[in-house]
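Undergrad: The following block contains a protein sequence and its predicted model.
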Amino acid sequence: QVQLVESGGGLVQPGGSLRLSCAASGNIFSINAMGWYRQAPGKQRDLVAHITSGGSTNYADSVKGRFTISRDNAKNTVSLQMNGLKPEDTAVYYCHAIIQQFGVFGGRDYWGKGTLVTVSS
């Protein structure tokens, strides 16, 4: 089995910063892409940021210049540094990874349970 566990959410004032972390554990042979998605109340889940195993990154236009994604391949972790937070960043943030398990052909999608980020004064 594979698990993704997020941490780091919480309440922050507009303009503030938060750092989200996600750790993958279990029967892991390799991890391809990792990323963060978010879902605000009543809205669909959207990509926030994405990083490949080689370190190439992609960001939603709404967070470019404010958020930075990084990963530690040795520790199977991905982080999201969020600066200049705005009320519209309020959402549940989900960690995502494409993981291949030992003894299993091909990778599949895995999701964390989510962590709530609230930006409010």
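TA: Ah, there it is.
Undergrad: which stretches of the chain form strands?
TA: With strands called from DSSP state E, the chain shows them at 2-7, 10-12, 18-26, 30-39, 46-51, 57-59, 67-72, 77-82, 91-100, 108-111, 115-119.
Undergrad: could you say what helices and strands the third one packs with?
TA: Other elements packing on strand 18-26 under the criterion 3 or more CB pairs under 8 Å, 6 or more residues apart in numbering; DSSP states H and E are strand 2-7, strand 30-39, strand 77-82, strand 91-100, strand 115-119. Glycine gets a C-beta too; all of them are placed from N, C-alpha and C.
Undergrad: switch to 7 Å and redo it
TA: Contacts defined by 3 or more CB pairs under 7 Å, 6 or more residues apart in numbering; DSSP states H and E place strand 18-26 against strand 2-7, strand 77-82, strand 91-100.
Undergrad: Can you check which of these gets nearest to Asp109?
TA: Among the helices and strands packed on strand 18-26, strand 91-100 comes nearest to Asp109, with 6.0 Å by CB to CB.
Undergrad: looking at the chain, which residue lies furthest from center?
TA: Distance from the C-alpha centroid of the chain, by CA atoms, centre = their mean, peaks at Gly103 (26.2 Å).
Undergrad: and the gap between that residue and Val78?
TA: Gly103 is 24 Å from Val78, where distance means CB to CB, to the nearest Å.
Undergrad: cool, and Gly35?
TA: 7 Å.
Undergrad: Have a look at these two and say which one is more surrounded.
TA: Val78 (28 against 23; other CB atoms under 10 Å).
Undergrad: so the residue nearest the centre of the chain bridges to which residues?
TA: Geometric centre of the chain, nearest residue: Trp36, 2.6 Å, by CA atoms, centre = their mean. When assigned by DSSP bridges, Trp36 has beta-bridge partners Ala49, Cys95.
Undergrad: Quick check: it touching Ser79?
TA: No. Using CB atoms under 7 Å, Trp36 is not in contact with Ser79; the gap is 9.1 Å.
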